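*Asks:* Structure for the following, please:
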Amino acid sequence: MSDKGDRLRQIRREILERTADYVRLMQADQPPFQGGTTPVHYAGRVFGEQEVVNLVDASLDFWLTAGPNANRLEGRLAKYLGVQHCLLVNSGSSANLLAFTALTSPQLGDRRILRGDEVITVAAGFPTTVAPIVQYGAVPVFVDVRGDTANIDVSLLEEAFSPRTKAVMLAHTLGNPFDVEQVLSFCERHDLWLIEDNCDALGATYRLKGDDGSSPRRTGTFGHLSTSSFYPPHHMTTGEGGAVFTSDPQLAAIVESLRDWGRDCYCASGRDNTCGKRFDQSFGDLPHGYDHKYVYAHFGYNLKMTDLQAAIGLAQVDRLPEFVEARRRHAAMLATRLKPFEDLVQLPVATPSSEPSWFGFLMSVRAEAPFTRRELVQHLEAARVQTRMLFAGNLIRHPCFDDMRDSGTGYRVVGGLRNTDVLMAQGLWVGVYPGLSAEKLDYMATTFESFLSSRRKSLLPVGE
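*Replies:* Numbering: from 1, shown residues only. Down below sits the predicted model:
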């Protein structure tokens, strides 16, 4: 038997060594960058040999569901963020669904969100920050954003509040933290839940006024619950995947139940009778001693991450510091190069007291500029520089809101959403992800400069 074990270990080592060789060879001697021919992507996966070695190593165990790698990654991510609990899921959208749905649990008593209760959010963002609110039957209250940070205008929070308000659910826009100080103060004043959609901001930090003597905290640690996405364009990737974070043990237990079919049992996969009372408890109208593994406390889902994905994440989480630093460095370079054109485009502004972990470089064409957003986008795309809009722009203008808009019910608007509409009509962003080489960044900046310089010249009187 020992001979077989030695042989298996030897074969495994050989497989993993050859896998590493394969990745090194695959990634070596890439064709040189050619401006105008080679695409400059807005985002993309960044990986090396360790990610693929981890994936192949995990596949040899054929543990297809969540398992030991998932447990390790949950611990590593919780430690990185600075919270007590991390629960891996199959996408960032599922993370948002679970974070919100957890707050509707009957186990929260009077604090649970009921249908018809209101949740303050914004319309300038990604749909799945808002979808769980609408799908449950709560009422989203859409507050306008600031034009400079693209985050919620906190001066409108009190106007948005009503006796039905139960929670605030906000994203840190494109890695730029919202005004955590004011949002937290508002939530504490009115005893509201706070969900941080941190899917675009992993690694960003914010310093509260009372924390002057300590290090700033990472975003995702301020809310009762927070979420992350590990889709390939994000700060780290597991392919599909995401996570819910909290330091509240009750909320962690509720999220775990909802993620794992809604069951009341907390036994890990493959384990039985952790509590020692599997056949000796009473629940609802079930017969006494009904198998606890099949008792359901919530109407739940199966939204777990696979162990193969988690194996990739274990290599990626090691690289998070370098990934975040690269994003900041790339954004700073673009800001420096485009600063001379601030009369034509609004450049991104970091929220005071924050250090963003930029997901993208957002700008907005000023109303007085002698060109449109469309013209700038067409110039960039023709030069093979990918662009993106600020996701939904103004979510309530999309077809999914037609029925709600026609009926005049289902949501409220605060602040007129003027800045939201400006970002929808005039905003765009380009990539700052770690996979961008110096040559690609320089080419992207030069492409902007050539367009903006030529359009500025058109403003000059003849002879100047």
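*Asks:* Strands of the stretch 1-150 of the chain, start to end?
*Replies:* Per DSSP state E, counting those that start in this stretch, the stretch 1-150 of the chain carries strands over the ranges 85-89, 118-121, 139-143.
*Asks:* need those strands in JSON lines with mean neighbour count, mean pLDDT and distance to residue 455, can you?
*Replies:* Every residue, glycine included, has its C-beta placed from N, CA and C. What follows is the strands of the stretch 1-150 of the chain, written out as JSON lines (neighbours: other Cβ atoms under 10 Å; pLDDT from 0 to 100; distance: least, Cβ to Cβ, whole Å):
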{"stretch": "strand 85-89", "mean neighbour count": "26", "mean pLDDT": "98", "distance to residue 455": "45"}
{"stretch": "strand 118-121", "mean neighbour count": "26", "mean pLDDT": "98", "distance to residue 455": "36"}
{"stretch": "strand 139-143", "mean neighbour count": "24", "mean pLDDT": "97", "distance to residue 455": "34"}
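*Asks:* any chance of the ones you listed in a markdown table, plus distance to residue 309?
*Replies:* Shown next, in a markdown table, are the strands of the stretch 1-150 of the chain (distance: least, Cβ to Cβ, whole Å):
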| stretch | distance to residue 309 |
| --- | --- |
| strand 85-89 | 8 |
| strand 118-121 | 29 |
| strand 139-143 | 31 |
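*Asks:* Relative to residue 56, which of the ones you listed is closest?
*Replies:* strand 85-89 (20.3 Å; Cβ to Cβ).
*Asks:* So, low pLDDT: which residues of the stretch 351-464 of the chain?
*Replies:* Scanning the stretch 351-464 of the chain for pLDDT under 70 picks out 406-409, 458-464.
*Asks:* before we move on, back to that, quick one, which of the strands of the stretch 1-150 of the chain gets closest to residue 264.
*Replies:* strand 85-89 (16.2 Å).
*Asks:* Using PDB, list the CA coordinates for that closest one.
*Replies:* What follows is strand 85-89, C-alpha atoms only, in PDB (Å, rounded to 0.1, in the frame of the first residue of the first chain):
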ATOM      1  CA  HIS A  85     -17.200  35.500   8.800                       C
ATOM      2  CA  CYS A  86     -16.900  35.000   5.000                       C
ATOM      3  CA  LEU A  87     -19.300  32.800   3.100                       C
ATOM      4  CA  LEU A  88     -18.400  31.900  -0.500                       C
ATOM      5  CA  VAL A  89     -21.100  31.900  -3.100                       C
END
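*Asks:* From the contact counts, what lies against that strand?
*Replies:* For strand 85-89, the elements it packs on are helix 68-81, helix 92-102, strand 242-246, helix 249-259, judged by 3 or more Cβ pairs under 8 Å, 6 or more residues apart in numbering; DSSP states H and E.
*Asks:* Let me know the angle separating that strand from strand 242-246.
*Replies:* 160 degrees (axes from the mean of the first three to the mean of the last three Cα atoms, to 10 degrees).
*Asks:* How far off centre is strand 85-89?
*Replies:* Relative to its chain's centre, strand 85-89 lies at 14 Å (Cα atoms, centre = their mean, to the nearest Å).
*Asks:* Can you classify residue 228 by secondary structure?
*Replies:* strand (DSSP: H, G, I helix; E, B strand; the rest coil).
*Asks:* who's in contact with the nearest residue to it once chain neighbours are set aside?
*Replies:* Nearest residue to residue 228, sequence neighbours excluded (Cβ to Cβ, 6 or more residues apart in numbering): residue 243, at 4.7 Å. Counting by Cβ atoms under 8 Å, 6 or more residues apart in numbering, residue 243 makes contact with 74, 77, 86-89, 95, 227-228, 230.
*Asks:* now the stretch 1-150 of the chain, which segments are flagged as low pLDDT?
*Replies:* In the stretch 1-150 of the chain, residues with pLDDT under 70: 1.
*Asks:* any chance you could map the helices in the stretch 201-350 of the chain?
*Replies:* Using DSSP state H, counting those that start in this stretch, the helices found in the stretch 201-350 of the chain span residues 249-259, 307-318, 320-338.
*Asks:* what do you get for the stretch 351-464 of the chain?
*Replies:* Counting by DSSP H, counting those that start in this stretch, the helices of the stretch 351-464 of the chain are 373-382, 402-407, 418-426, 438-457.
*Asks:* wait, residue 314 sits on residue 76?
*Replies:* Yes. The criterion here is Cβ atoms under 8 Å, and residue 314 meets it with residue 76 at 6.8 Å.
*Asks:* Kindly export stretch 175-186 (C-alpha atoms) in PDB.
*Replies:* Extracted as PDB, the C-alpha positions of stretch 175-186 are listed here (Å, rounded to 0.1, in the frame of the first residue of the first chain):
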ATOM      1  CA  GLY A 175     -13.900  51.100  -6.400                       C
ATOM      2  CA  ASN A 176     -14.400  54.700  -5.000                       C
ATOM      3  CA  PRO A 177     -15.900  54.400  -1.500                       C
ATOM      4  CA  PHE A 178     -19.100  56.200  -0.700                       C
ATOM      5  CA  ASP A 179     -19.100  58.700   2.200                       C
ATOM      6  CA  VAL A 180     -18.900  56.000   4.800                       C
ATOM      7  CA  GLU A 181     -18.800  58.600   7.700                       C
ATOM      8  CA  GLN A 182     -22.100  60.200   6.800                       C
ATOM      9  CA  VAL A 183     -23.900  57.000   5.700                       C
ATOM     10  CA  LEU A 184     -22.900  55.200   8.900                       C
ATOM     11  CA  SER A 185     -24.100  58.200  11.000                       C
ATOM     12  CA  PHE A 186     -27.400  58.200   9.200                       C
END
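*Asks:* Can you give me the buried ones in it?
*Replies:* 175-181, 183-184, 186 (16 or more other Cβ atoms under 10 Å).
*Asks:* Just the ones of those in helices?
*Replies:* Among the buried residues of stretch 175-186, the members found in helices (DSSP state H) are 180-181, 183-184, 186.
*Asks:* is it possible to export the residues you listed to JSON lines including distance to residue 353 and pLDDT?
*Replies:* Shown next, in JSON lines, are these (distance: Cβ to Cβ, whole Å; pLDDT from 0 to 100):
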{"residue": "180", "distance to residue 353": "8", "pLDDT": "98"}
{"residue": "181", "distance to residue 353": "7", "pLDDT": "98"}
{"residue": "183", "distance to residue 353": "12", "pLDDT": "98"}
{"residue": "184", "distance to residue 353": "12", "pLDDT": "98"}
{"residue": "186", "distance to residue 353": "16", "pLDDT": "98"}
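*Asks:* Tell me who's in contact with residue 149.
*Replies:* Counting by Cβ under 8 Å, 6+ apart, residue 149 has contacts 173, 176, 178, 348-351.
*Asks:* Those residues in strands, which ones?
*Replies:* Counting by DSSP state E, the contacts of residue 149 place none of their members in strands.
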